[in-house]
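1. what's the 3D shape of this:
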Amino acid sequence: MDAAKGPRIFKRQELSERLEISTYKLEQILLDTALDADMVNQDFVYYLDETNSWRKPLVRLDADTYFCLDGRIAGYGFYEVMFQILFAKYGTKFSRNQGEYLEQLVYQMFSGEAFSIYHRAIL
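-> Sure, this is the predicted structure:
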């Protein structure tokens with residue numbers, strides 16, 4: 001959790017090595033999760049104007065450098081990106097059934113061998 005605290009600037013190659021995934025796969029993820037620096041809140045002039053900084057959690061400073069304000073705050077942006085990807089694939093069916101899809105996803109995540117769930121009866 002400490003790694004999520006505070007602003008971070010990182011290079012794509014460093015993140016690829018830390019996560020142990022190919023730079024190609026990481027680039028695909030970063031395309032979905034980062035805004036170009038000059039696009040962040042570009043229409044914001046007055047406090048009632050629309051912002052877009054919450055839609056994507058990362059800011060692309062240049063071709064290989066990214067900025068994350070705070071992992072705890074930016075988490076919402078990752079969920080927004082996932083929602084947009086799923087909505088593009090499933091359309092309004094996803095919106096109507098997102099609770100069911102989420103339950104299925106959580107079930108699949110925790111039904112693997114890596115997790116074991118024990119129930120205790122409360123007496």
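2. Show me where this protein has its strands.
-> Assigned by DSSP state E, the strands in the chain fall at 8-11, 34-36, 58-60, 65-68.
3. I'd like to know which of these lies nearest to residue 103.
-> Nearest of these to residue 103, taken as CB to CB: strand 58-60 at 28.4 Å. Where you see a C-beta, it was placed from the backbone N, CA and C, and this is true even at glycine.
4. returning to that earlier point: looking at the strands of the chain, which is buried most?
-> Of all these, strand 58-60 carries the top mean neighbour count, a mean of 21, counting by mean count of other CB atoms under 10 Å.
5. Could you tell me how many residues sit around residue 49?
-> If you count neighbours by other CB atoms under 10 Å, residue 49 ends up with 9.
6. Test my guess that it contacts residue 43.
-> Yes. Using CB atoms under 8 Å as the test, residue 49 is close enough to residue 43 to be in contact (5.9 Å).
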